[in-house]
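Participant: what follows is a predicted protein model with its sequence.
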Amino acid sequence: MSSLRRVLSRFPRARWLRRALLVAAVGVVLAGVLTGASVMWVRSGAAGHTFTVEDVPEAPVALVLGAQVDPGGQPSAFLAARLEIARQLLVAGKVHAVLVSGDHMDWGYDEPGAMRRWLVDRGVPERKVVLDHAGFDTYDSCARANRVFGVRKAIVVTQSFHLARAVTLCRALGVEADGVGDETAKRFPLLWRRGVVREYGAGVKAAWDVLSGRDPVHLGRRETGVDDALRD
């Protein structure tokens with residue numbers, strides 16, 4: 001009798017396990033479908049809109065997306081590479097102002113300020129560099145470029161593994177964007193591979209952000225910094 005009870009007692013657990021495995025399998029399939037769909041959306045949105053410094057069409061503004069700033073206020077190698085592309089675009093006459101957009105939520109950490117200092121130290125006129133202090137992610141940077149700074153056409157600058165998502169987001173948010181991507185940071189293979197892998201999940205988030213139509217974390221009032229820089 002006790003043996004029969006033990007056998008019967010296993011069935012509820014077995015049913016629970018089967019249900020758990022089924023839910024997990026459905027979750028894996030759904031995640032794969034969402035990821036695949038977002039990858040296709042990102043790639044199709046950026047198709048024909050990624051270039052080199054030499055062949056990118058002109059635009060009024062370069063939008064440089066923020067990245068890590070090291071202790072002491074120095075841009076990381078990834079961020080410095082983006083800024084160098086923006087400097088080259090300005091020197092080549094491909095753009096006439098640079099909008100640097102990054103994280104400044106904590107006053108002890110200032111990506112846009114570090115980006116401006118780097119550019120000015122290398123000969124870019126300070127009046128040509130406009131700061132967006134609330135570019136907390138790529139979606140926010142693109143949305144604020146359009147809604148706060150009035151940017152309608154821009155060259156987006158970031159690493160090449162991030163470029164398709166950045167261009168697609170900006171175009172979905174009202175900025176006629178082309179992009180130039182950095183490849184020099186491939187000399188940091190571990191960080192580069194981490195960025196490549198991260199893009200799969202980031203693409204799903206980007207698609208959700210666009211579909212939901214969310215406002216940036218901080219929208220704020222209309223700013224004329226880009227207009228002023230272009231008039232100089």
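Facilitator: Received it, and whenever you're ready, just let me know what you need. Residues are numbered from 1 along each chain as shown.
Participant: contacts, neighbours, all on C-alpha from now
Facilitator: Noted.
Participant: spatially nearest residue to the residue nearest the centre of the chain (excluding sequence neighbours)?
Facilitator: Nearest to the geometric centre of the chain sits residue 138, at 3.2 Å (C-alpha atoms, centre = their mean). Nearest non-adjacent residue to residue 138, counting by C-alpha to C-alpha, 6 or more residues apart in numbering: residue 166, 6.3 Å away.
Participant: quick one, what contacts that neighbour?
Facilitator: 138, 139, 142, 156 (C-alpha atoms under 8 Å, 6 or more residues apart in numbering).
Participant: and the third one, how many neighbours?
Facilitator: A total of 30 residues lie near residue 142 under the criterion other C-alpha atoms under 10 Å.
Participant: and the last one, by the same measure?
Facilitator: Using other C-alpha under 10 Å as the criterion, residue 156 is surrounded by 28 other residues.
Participant: please tell me the pLDDT value assigned to it.
Facilitator: We note a pLDDT of 98 for residue 156 in this prediction.
Participant: confirm that it sits in a strand.
Facilitator: Yes: counting by DSSP: H, G, I helix; E, B strand; the rest coil, residue 156 is located in a strand.
Participant: you'd agree it is up against residue 63?
Facilitator: Yes: counting by C-alpha atoms under 8 Å, residue 156 does reach residue 63; the two are 4.8 Å apart.
Participant: closest to residue 84 out of the contacts of residue 166?
Facilitator: Minimum distance to residue 84 across the contacts of residue 166 is 13.0 Å, recorded for residue 156 (C-alpha to C-alpha).
Participant: strands along the chain, start to end?
Facilitator: Assigned by DSSP state E, the strands in the chain fall at 50-51, 61-65, 69-70, 74-75, 97-101, 129-132, 153-159, 176-182.
Participant: mind putting those strands in a markdown table, distance to residue 87 included?
Facilitator: Shown next, in a markdown table, are those (distance: least, C-alpha to C-alpha, whole Å):
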| stretch | distance to residue 87 |
| --- | --- |
| strand 50-51 | 16 |
| strand 61-65 | 9 |
| strand 69-70 | 18 |
| strand 74-75 | 14 |
| strand 97-101 | 8 |
| strand 129-132 | 10 |
| strand 153-159 | 11 |
| strand 176-182 | 12 |
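Participant: residue 119: which of those is closest?
Facilitator: strand 129-132 (8.0 Å).
Participant: tell me which residues in the closest one are buried?
Facilitator: Neighbour counts over strand 129-132 (16 or more other C-alpha atoms under 10 Å) mark 129, 130, 131, 132 as buried.
Participant: got it, and stretch 202-220?
Facilitator: Quick answer for stretch 202-220 (16+ other C-alpha under 10 Å): 202, 203, 204, 206, 207, 209, 216.
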